[in-house]
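>>> When you get a sec, could you give me coordinates for this:
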Amino acid sequence: MNLIIETNRLILRPLELSDAEEMFAMDKNPEVHKYLWQTPAQHIDEVIKVIDYVRTQYDKNNIGRFATIVKETNEFIGWTGIKFVDDHVENGNTNFYDYGYRLNENFWNKGYATEASKAWLDYGFNQMKIDKMNAYTHSENGASNHILEKVGMKLMENYPDKDGVIWKWWQMENNRL
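Residues are numbered from 1 along each chain as shown. Next comes the predicted model:
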């Protein structure tokens, strides 16, 4: 996949195996996983499997999560992007486009998630012609919930997962079609 998206401060590019060390540093942090099933990575091999899986999604769906890099410093700060969810059911849904992101804690509260979110929603609606974009967040993840609301996603409902944890289901319709 050769898609690269640039914003004022960020480069969004396909994940590569060379991102594994920095992605592992992010994914082993318990704070990063506080609202993500609380399962921090224990070994770099877990992250390598994720990168391999995401790269198969590029081939299969022509989209997936992308490495998110600060232009000025060339630092990997996490991943952002659109995923076509066809590998599980979420809130009774499958075969849908999901927007998501995960950033290293050192890069929180700097506006990067909002900047990347705007770029991805623009790409999804204007280039991919997606009719609806979904997202889901832990109900207590105030920062992510705020970002999704700020970029124009609408809270559709709260729902419990299989363990009774409450999640928020977000959606935005493409009004450009």
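
>>> Which residue, other than its chain neighbours, is closest to residue 1?
residue 58 (4.0 Å; C-beta to C-beta, 6 or more residues apart in numbering). For every residue, glycine as well, the C-beta is placed using N, CA and C.

>>> any idea how far residue 43 is from that neighbour?
Distance, residue 58 to residue 43, by C-beta to C-beta, to the nearest Å: 24 Å.

>>> Between the two, tell me which one has more neighbours.
Using other C-beta atoms under 10 Å as the criterion, residue 58 and residue 43 rank with residue 58 on top: 17 against 9.

>>> For that one, pull up the helix or strand it's in.
When elements are assigned from DSSP states H and E, residue 58 belongs to helix 44-61.

>>> Give me the buried positions along that helix.
Going by neighbour count (16 or more other C-beta atoms under 10 Å), the buried part of helix 44-61 is 46, 47, 50, 51, 54, 55, 57, 58.

>>> what sits up against it?
With C-beta atoms under 8 Å, 6 or more residues apart in numbering as the test, helix 44-61 has contacts from 1, 14-17, 19-21, 23-24, 27, 41, 63-65, 79, 83-84, 86.

>>> Could you pull up phi and psi at residue 96?
Phi and psi for residue 96, reported as degrees, to the nearest 10, are phi -140, psi 160.

>>> so it touches residue 85, yeah?
Yes: with contact defined as C-beta atoms under 8 Å, residue 96 counts as touching residue 85 (5.4 Å).
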